[in-house]
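*Asks:* missing the sequence, but the structure's below:
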């Protein structure tokens, strides 16, 4: 059975680390962040967020159409509507679906995945504290 894993979590919580571990050699990690990579550097443009997510969704559909065995979506997916399109694609292409929250990076150094101060310090894209706090407040279960 082919499988789609959808990561959910705030910036700095370990989503990308977990996504890479889950994908290993057999899977493909797909992220809206890929759109903002320019010559190996992350260059975020808030005005292009919609385009980044549209490209992420289109790449996922292409991978599914090609029968990729494992796809891991590495986005924050704060609201259910953010990952609904991936669930619809999974059903269309007959993929098993799984929602995953980040693993702790190290057993003895457990980051607090809801500690916004820690996440603001820890995230690799310099997402500011106030943005992470808003995302935490908006997170849908």
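*Replies:* Nice, I can see it. Quick caveat: nothing in here was measured; it's all calculated off a predicted structure.

*Asks:* going by C-alpha atoms from here, please, whenever you check contacts or count neighbours.
*Replies:* Will do.

*Asks:* output the contacting helices and strands for the helix or strand bottoming out on mean pLDDT in the chain.
*Replies:* In the chain, no helix or strand scores lower on mean pLDDT, DSSP states H and E than helix 116-122, which sits at a mean of 89. Contacts defined by 3 or more Cα pairs under 8 Å, 6 or more residues apart in numbering; DSSP states H and E place helix 116-122 against helix 129-138.

*Asks:* report the buried residues of stretch 50-61.
*Replies:* Of the residues in stretch 50-61, 52, 53, 55, 56, 57, 60, 61 count as buried by neighbour count, 16 or more other Cα atoms under 10 Å.

*Asks:* which of these sits closest to residue 98?
*Replies:* Residue 98 has its nearest neighbour among those in residue 60, at 14.9 Å by Cα to Cα.

*Asks:* what pLDDT, on average, does the top helix by length along the chain get?
*Replies:* Among the segments of the chain that qualify as a helix by DSSP state H, the longest is helix 49-65. Per-residue pLDDT over helix 49-65 has a mean of 98.

*Asks:* and after that helix, which helix or strand comes next?
*Replies:* Next helix or strand after helix 49-65 toward the C-terminus (DSSP states H and E): strand 70-73.

*Asks:* contacts for that next one, please.
*Replies:* 2-7, 19, 22-23, 26-31, 60, 63 (Cα atoms under 8 Å, 6 or more residues apart in numbering).

*Asks:* report the distance from the least confident helix or strand of the chain to the chain centre.
*Replies:* Chain-centre distance of helix 116-122: 17 Å, with Cα atoms, centre = their mean, to the nearest Å.

*Asks:* ok, back up a step: filter the contacts of strand 70-73 down to the buried ones and hand me the PyMOL line.
*Replies:* Here is the PyMOL command that selects the buried residues among these (16+ other Cα under 10 Å):
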select buried, resi 3+4+5+6+7+19+22+23+27+28+29+30+31+60+63
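
*Asks:* now, which of the contacts of strand 70-73 lie within helices?
*Replies:* 19, 22, 23, 60, 63.

*Asks:* so who does the residue lying closest to residue 31 once chain neighbours are set aside touch?
*Replies:* Counting by Cα to Cα, 6 or more residues apart in numbering, residue 31 lies nearest to residue 74, which is 4.9 Å off, once chain neighbours are set aside. Shown in contact with residue 74 (Cα under 8 Å, 6+ apart): 6, 7, 8, 15, 16, 19, 29, 30, 31, 32.
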